[in-house]
Each structure stands twice: as structure tokens, then as C-alpha cells.
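> Next input, structure requested:
(one chain, ligands or ions: 1)
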Amino acid sequence: MDRKDFQNAVKKAQRLIENASSVTILSHINPDPDALGTALGIYALLRQDKNKKIEVVNASKELPQFLDFLPYFNHIKHKMDYNENLVISCDCGNADRLGFEVGKREILNIDHHYSNTQYGNVNIVIPEYASSSQVAYEVFKTYCTITPEAATCFYAALLSDTRYFTTSSVNEKVFDVASELVKAGASAAEISSHFTQRRPLSSLRILQRALESLALYEDAAIACITVTQDDMYATGAIMPDVDGVVDYARSLATVEIAICAIQTENGIRISLRSKKTDVSKIASAFGGGGHRLAAGFTLKQNKLQEAVSIILEKIKVLGLIDEKNSKKSR
Ligand SMILES: [Mn+2]
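As a prediction, the model looks like this:
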């Protein structure tokens, strides 16, 4: 999206918002901090217009509880009360992941997944940006003042999607945005401490079990972690507690691709991470999506080991791990 396309899209977005008397702000199911931070930041800005009805809704009942410091976190509902006018979708690569039927409503799609299917009437999708909140920030700062509340939400989302400013998406511009958000009232230290100092016990208990399951394949270039439903019940973990477990698998020196497979009632949820390999190819082969180095999908079955075999096979077929090269490089 070049400068001109962006400016045009922002104008169209602004018009959609101005013309809507009610707005439903949605984000993807099993939301991560970028999804909710982006949604709540936009909510904080739009609700200043008292002539509009604004709601923020997520289809999943289990939200990452440590995000309760985000302004208006307790306004997040799990069903939509408005069923006409505009939907703003945040951090969501395809319409199915919204978890709601939005019918013929107009959609403003704000995202940074390069697999985004452009399902909106206006699509502002910038894959080069580190977070959807960075996209939202660039959109809204062009025509409104970013309040401290919105800045807090956008900064938290950016911090999380860049894994504390360590991912390959981090560049000079990301630090500029972070700095502007701090200037606008986000407290960097406070937000960081919510992310790093408030883990629930269940998240460490499930991590312990998850790490025990770690298995290595292809000369230790692939690491795989499996989590059963029993693991979840026994530790009291909920989905947000398992977020980030896959990063431990990728952190091993020899590992190029990390897989985390989680058994749920609705099939097996797969998270993929890599150091250089484009794992979004694997995800899209199974109907999922994501980014080059972080992607995911759901397999409609419930046998974990079978799921792992299917994925390992797909990695082979796609030629993503070159055995000779991976041996040489170590
Ligand atoms: Mn994101």
C-alpha cells in the first residue's frame, strides 16, 4: 500500500465512520493482545463522539486476563447488540475468524496479516507494520488526537506483537511509533510490567507440561510441543495461558520451525513459528494464515500425534527443511 493508496483508504474509512450511527468493533477469536489492544484503542477514540453508539465485541469468552489494565477492557462483550451500520475488524486475516455472521454490514478491515483476504469494504492492511495497532495508530492520528487511553492500548498491542521489540518487524519506524505513543500518554514501564509480572499460576503449570512433551524431528531442525485437553483440565489453563509456549520450542539453537499442537473441543489448534522459513505456507495449505514467521490453523480432528505427522509430512512436501543444508549449518 503506497502513500497515496493509504491516504485514499483513510479518507474512505473516515467517511464510513462518520456516516455510521452505530459501530461494532470486532477482533479475531482467541484474541491476542494486538487484537484487543487495537480494538480497545479504536473504541477509546470513537466513543468520544457521544452521537454514536459504539460497542467492542469478541466472540471468545476466554480473554487474556492480564489485559484488564487496558482502558475499557471490561466493556468487551461477547455478543453484538447492534446489527446494522459499520463493523470495524481488527487484526483479523479472514472474515471467518471474527466468529460472527456480519451479514451485509459494511466492514472496515484494519490489519497487518499478509494473508489477509481483503474482505472489507475498505481494507487497510499493511503487512510491513509490526502490529495492527500500528496500522490503527497511523490511520487515526491523521484526523484525531490520540488520547492517553488509546495510546496505552496501541502501545500494549505493539509491545506484544513485537515480543518486546525483538521481532524482525521492528525497525526505526516502530520505535518512532512507540515513542509517539509514550508521548501521547502510554506508560512503557507500567504496560511492560503487566505483561511480564502478572502471570497466572496455570500458565506456568501448563508450560511445565508442554515442555515435557517437546519432541525434535529432522535432525532437531523441527521442534514440536503437544498439549492435551487433560493437560488443560489438570492445570486449570485456558487458551491465553498457552500463548507463547511455542516460542520456547523455537528458542532452541538447532530449531528452524517450531510447532505447538493444542487439543481442543473443536479440533487441534496449531501454532507455527520459525526463524527464517515461511511457515504461513504450511498454515495456508491447511486453510489457516498468518505471517511469514508466525502462523496458525486448526485441524478438524482430535488425535495429536496424527496431526503432528500430517504437518511434518506437509513440511517435507513443501520442501521447507533442506536436510543437507540444515546439517551443514550446524
Ligand atoms: Mn497482530
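> all helices for this protein, in order.
3-19, 33-46, 132-141, 148-161, 172-183, 188-196, 201-212, 229-235, 239-242, 245-250, 280-285, 304-317, 323-328 (DSSP state H).
> Check whether the second one comes near the ion.
Looking back up the chat, that one is helix 33-46. Yes - using Cβ under 5 Å from the ion, helix 33-46 reaches the ion at residue 34. (Glycine included, C-beta is placed from N, CA and C.)
> Restrict that helix to CA atoms and write it as CSV.
Extracted C-alpha coordinates of helix 33-46, given in CSV (Å, rounded to 0.1, in the frame of the first residue of the first chain):
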residue,chain,number,x,y,z
PRO,A,33,-3.1,-8.5,22.9
ASP,A,34,-2.7,-6.9,19.5
ALA,A,35,-6.3,-7.9,18.6
LEU,A,36,-7.8,-6.5,21.8
GLY,A,37,-5.4,-3.5,22.1
THR,A,38,-6.2,-2.4,18.6
ALA,A,39,-9.9,-2.8,19.2
LEU,A,40,-9.9,-1.0,22.6
GLY,A,41,-7.7,1.8,21.3
ILE,A,42,-10.2,2.4,18.5
TYR,A,43,-13.1,2.1,20.9
ALA,A,44,-11.5,4.7,23.2
LEU,A,45,-11.2,7.1,20.3
LEU,A,46,-14.7,6.6,18.8
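> Now do it: distance to the chain's middle.
Taking Cα atoms, centre = their mean, to the nearest Å, the mean C-alpha location of helix 33-46 is offset from the chain mean by 13 Å.
> angle of it against helix 3-19?
With axes from the mean of the first three to the mean of the last three Cα atoms, to 10 degrees applied, the angle from helix 33-46 to helix 3-19 works out at 60 degrees.
> Taking their axis directions, helix 33-46 and helix 132-141 sit at what angle?
Using the same axes, to 10 degrees: helix 33-46 against helix 132-141 is 20 degrees.
> Report the helix or strand with the lowest average pLDDT across this structure.
None of the helices or strands of the chain scores lower by mean pLDDT, DSSP states H and E than helix 323-328, at a mean of 52.
> got a list of what residue 69 touches?
Applying Cβ atoms under 8 Å, 6 or more residues apart in numbering to residue 69 gives the contacts 190-191, 194.
> May I see the helices of the chain organised as CSV, with distance to residue 291 added?
Listed next are those as CSV, based on distance: least, Cβ to Cβ, whole Å:
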stretch, distance to residue 291
helix 3-19, 20
helix 33-46, 11
helix 132-141, 11
helix 148-161, 9
helix 172-183, 15
helix 188-196, 20
helix 201-212, 22
helix 229-235, 26
helix 239-242, 19
helix 245-250, 13
helix 280-285, 6
helix 304-317, 17
helix 323-328, 22
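> got those helices as JSON lines, with distance to residue 59 and mean neighbour count columns?
As requested, the helices of the chain are exported to JSON lines (distance: least, Cβ to Cβ, whole Å; neighbours: other Cβ atoms under 10 Å):
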{"stretch": "helix 3-19", "distance to residue 59": "22", "mean neighbour count": "15"}
{"stretch": "helix 33-46", "distance to residue 59": "11", "mean neighbour count": "28"}
{"stretch": "helix 132-141", "distance to residue 59": "17", "mean neighbour count": "26"}
{"stretch": "helix 148-161", "distance to residue 59": "19", "mean neighbour count": "27"}
{"stretch": "helix 172-183", "distance to residue 59": "28", "mean neighbour count": "15"}
{"stretch": "helix 188-196", "distance to residue 59": "24", "mean neighbour count": "14"}
{"stretch": "helix 201-212", "distance to residue 59": "22", "mean neighbour count": "16"}
{"stretch": "helix 229-235", "distance to residue 59": "20", "mean neighbour count": "15"}
{"stretch": "helix 239-242", "distance to residue 59": "13", "mean neighbour count": "22"}
{"stretch": "helix 245-250", "distance to residue 59": "23", "mean neighbour count": "20"}
{"stretch": "helix 280-285", "distance to residue 59": "20", "mean neighbour count": "20"}
{"stretch": "helix 304-317", "distance to residue 59": "24", "mean neighbour count": "16"}
{"stretch": "helix 323-328", "distance to residue 59": "40", "mean neighbour count": "11"}
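> looking at these, which one has the lowest mean pLDDT?
In terms of average pLDDT, helix 323-328 trails the rest of the helices of the chain, at a mean of 52.
> No more questions from me, cheers.
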